[in-house]
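> can't give you the sequence, but here's the structure:
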Ligand SMILES: [Zn+2]
């Protein structure tokens, strides 16, 4: 079994006809098989940051796990299945949102590097990333993290990272890593498999003495996030056969990234990236898949009818079927939106729409006021625009009735249900997702009972999708405006669709570490 695994990694053409095993092994990316137990560190920093957001992620907004606490994260559980123990450093993650404050990033990086140094010597590093981290004053935070890691662990250590499907890659990142993989589904239901692909590659290469490398093609095409689902075409077919490529000799992983469009920075792009020990085969695959993706770029589309807020609302008000579920897609915290914008609420009040559920408004002062008043109380409230007062204006409600308060031990976890002017709205003290039907039922609200449901989300959660009758997507303003042609495009390379007639053919790039042999 082991022998077969080793042979799978060696390109047949390399072994045939070469004079010495040492020469063949070097050419195939083989180094002496590992003796003893490899020392593998685990760490990373992950977030998806819209450069169009004025919100900044500070230390208190990140979940930081240090030392053994790293293993408390649900996605660390698969690490327990390996013989060799992973050695923890630090992992940091922030919900999708605005860029991370520079000082916060520098403090976390210094802490991580200090912990990494104490673990030396290391044979491998496994990094839990996202790929769309933005840090104030930096263009390529992941590249910075990898270079700092490499400077500590030295040239012989293997570094493997996993990415979200919506990550952006840079030459700097590719030149520093030895292996990487990314989600193959959107919505991301293969998180555990993704962890295992990244760690399997690393442990496999260490065990069998393989030195893998990356071949990458950056594709100058970006999509609105809500078009990039793998649940419908063309996403479904473009991602469906990636695992088939993994079966080829010398191929460890083939990944395809949509990129993150709300990062107005030079590296923002889609990607095809392969890890393996066979430069020729990897180059062929990358060229083929990048061309296929480029050719399909016009076919991506939204899952439901779209329009402005007013257009969607007009359509919902005359709908014969209910509930009409409308996504307030530009303000979806799941993709980096603020979740405190009032554009939709203003439109509802202006139109006098009743029997509406408005889900997902973040407002700490209003939530705190509801807790002070108690269930059943009536109070005046200012709603929204607390996180970004420049984006829109708050809505002042004279009489809001508190219908529900979730019991919590920390004020920052507070959430309330209020009613005013025929509208039932949820308020939360911090930015969080209210996408599933259960998240409302937990607060005593049944979305199925309303004529219109407005959610700060993009494509619908499966439990909402079955209720929606019909579903509409409002291309609303915000930090993740899905109408990407109008979001501002100042620092990217020439990219479709901003350059509508862009001519492009794939140019595979072989990482510097792979080229050095
Ligand atoms: Zn994603």
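Great, that's in hand. What you are looking at is a predicted structure, and each value in this text was computed from that prediction instead of being measured.

> pull up the gap between residue 36 and residue 121, please.
To residue 121, residue 36 is 12 Å away according to CB to CB, to the nearest Å. (C-beta placed from N, C-alpha, C; glycine too.)

> all strands of the stretch 101-250 of the chain, in order?
124-128, 158-163, 179-182, 213-219 (DSSP state E, counting those that start in this stretch).

> point out the most buried one among the ones you listed.
With neighbours defined as mean count of other CB atoms under 10 Å, those peak in mean count at strand 179-182, which reaches a mean of 29.

> give me the longest strand you can find in the chain.
Criterion DSSP state E: the longest strand present in the chain is strand 395-405.

> that one pairs with which strands?
Strand 395-405 pairs in its sheet with strand 378-383 (antiparallel), strand 415-420 (antiparallel), by DSSP bridges.

> and stretch 264-278, how far apart are its ends?
Terminal residues of stretch 264-278 lie 34 Å apart, using CA to CA, to the nearest Å.

> in stretch 380-396, what counts as buried?
Buried residues in stretch 380-396, defined by neighbour count with 16 or more other CB atoms under 10 Å: 381-388, 391-392, 394-395.

> before we move on, the earlier item: quick one, which of the strands of the stretch 101-250 of the chain is nearest to residue 342?
Taking CB to CB, strand 158-163 is the member of the strands of the stretch 101-250 of the chain nearest to residue 342, at 34.2 Å.

> does anything pack onto that closest one? Which helices or strands?
strand 124-128, helix 141-153, strand 179-182, helix 191-208 (3 or more CB pairs under 8 Å, 6 or more residues apart in numbering; DSSP states H and E).

> one more pass at 10 Å, please.
strand 40-46, strand 124-128, helix 141-153, helix 171-176, strand 179-182, helix 191-208, strand 251-257, strand 270-276 (3 or more CB pairs under 10 Å, 6 or more residues apart in numbering; DSSP states H and E).

> tabulate those (a markdown table), appending mean pLDDT and distance to residue 447.
Converted to a markdown table, the helices and strands packed on strand 158-163 look like this (pLDDT from 0 to 100; distance: least, CB to CB, whole Å):
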| stretch | mean pLDDT | distance to residue 447 |
| --- | --- | --- |
| strand 40-46 | 98 | 30 |
| strand 124-128 | 98 | 34 |
| helix 141-153 | 98 | 38 |
| helix 171-176 | 98 | 41 |
| strand 179-182 | 97 | 33 |
| helix 191-208 | 94 | 26 |
| strand 251-257 | 98 | 33 |
| strand 270-276 | 98 | 34 |
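
> tell me which of these sits nearest to residue 438.
By CB to CB (comparing all of these), the closest turns out to be helix 191-208, at 19.3 Å.

> distance to residue 262 for the strands of the stretch 101-250 of the chain - can I get that in TSV?
Output for those, formatted as TSV (distance: least, CB to CB, whole Å):
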stretch	distance to residue 262
strand 124-128	22
strand 158-163	16
strand 179-182	18
strand 213-219	17
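
> close enough to count as contact, residue 240 and residue 232?
No: look at residue 240 against residue 232 with CB atoms under 10 Å: they stay out of range, at 11.9 Å.

> who's more crowded, these two?
More neighbours surround residue 232 than the other of residue 240 and residue 232, with 14 against 11 (other CB atoms under 10 Å).

> turn the strands of the stretch 101-250 of the chain into JSON lines, including distance to the ion.
Output for the strands of the stretch 101-250 of the chain, formatted as JSON lines (distance: least, CB to the ion, whole Å):
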{"stretch": "strand 124-128", "distance to the ion": "14"}
{"stretch": "strand 158-163", "distance to the ion": "9"}
{"stretch": "strand 179-182", "distance to the ion": "9"}
{"stretch": "strand 213-219", "distance to the ion": "17"}
